[in-house]
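Undergrad: okay, here's the prediction I keep looking at, along with the sequence it came from:
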Amino acid sequence: MKYFNGVIVVEGTGDSSYLSSFINAEYVVLNGYDMPEDVVDYLKHIRNRKILVMTDPDDAGFSIEKRLKETGLKYEVRTVDSKMCNKHGKHGVAECKKEEILRVLDNDLIDENPFKNSITQAEFNSFGFMNSQKKRNEISKKLCLGVCNSKILFKRMNYNGITSQMIKKSIWK
């Protein structure tokens with residue numbers, strides 16, 4: 001397993017699922033052409049971590065990169081060779097050979113896990129985020145984490161070093 005201490009932006013869940021099978025990183029999924037404002041806002045609030053954009057080497061991927069550029073977001077693009085990405089007539093990140101992905105990301109990946117949990121699952125659960133979309137949405141908005149389900153919210157809190165003390169301060173502001 002390789003690690004990336006940053007965010008990898010991909011087009012779809014198939015891309016994030018495939019990449020996460022051999023690269024431990026935070027993935028932000030755009031769902032193709034869709035680029036929700038809360039996702040862009042979340043990416044703009046990321047501090048001290050690199051953002052990589054890995055879209056498919058096609059018109060849709062290039063269009064997404066262009067639209068991201070217009071947001072003023074600071075990121076780097078990693079492009080795969082479409083000749084190395086071909087399964088069942090599709091040519092995208094999820095269809096790439098693992099070796100091609102690792103080649104493209106070689107200078108960005110590390111061998112040791114840089115992630116340390118800043119909040120435990122028990123602490124997270126104690127705030128009631130597991131069973132309340134309203135609570136998740138409120139804290140996500142206050143902490144600029146984007147709209148999340150409970151699993152993604154927990155991960156984003158840990159990736160961004162958010163502690164239970166920070167949550168308590170945000171709740172009672």
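TA: Great, that's in hand.
Undergrad: check the offset of the longest strand seen in the chain from the chain's centre.
TA: For the chain, the strand with the greatest residue count under DSSP state E is strand 2-10. From the chain centre to the centre of strand 2-10 is a distance of 7 Å (Cα atoms, centre = their mean, to the nearest Å).
Undergrad: for that strand, output the C-alpha coordinates as PDB.
TA: Output of strand 2-10 as PDB, limited to C-alpha atoms (Å, rounded to 0.1, in the frame of the first residue of the first chain):
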ATOM      1  CA  LYS A   2       1.200   3.500  -0.900                       C
ATOM      2  CA  TYR A   3       0.100   6.700   0.800                       C
ATOM      3  CA  PHE A   4      -0.600  10.200  -0.400                       C
ATOM      4  CA  ASN A   5      -0.900  12.900   2.300                       C
ATOM      5  CA  GLY A   6      -3.300  15.100   0.300                       C
ATOM      6  CA  VAL A   7      -6.500  15.000  -1.700                       C
ATOM      7  CA  ILE A   8      -6.900  13.300  -5.000                       C
ATOM      8  CA  VAL A   9      -9.900  14.600  -7.000                       C
ATOM      9  CA  VAL A  10     -11.400  12.100  -9.400                       C
END
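Undergrad: quick one: residues in contact with that strand.
TA: 16, 19, 22-30, 43, 46, 49-55, 68, 75, 93, 102, 105, 108-115, 159 (Cβ atoms under 8 Å, 6 or more residues apart in numbering). For glycine as for every other residue, the C-beta is placed from the backbone atoms N, C-alpha and C.
Undergrad: stretch 100-112 too?
TA: Identification of contacts with stretch 100-112 by Cβ under 8 Å, 6+ apart yields 2-6, 19, 22-23, 50, 52, 54, 78-81, 84-85, 93.
Undergrad: pLDDT of that stretch, averaged?
TA: Stretch 100-112 shows a mean pLDDT of 96.
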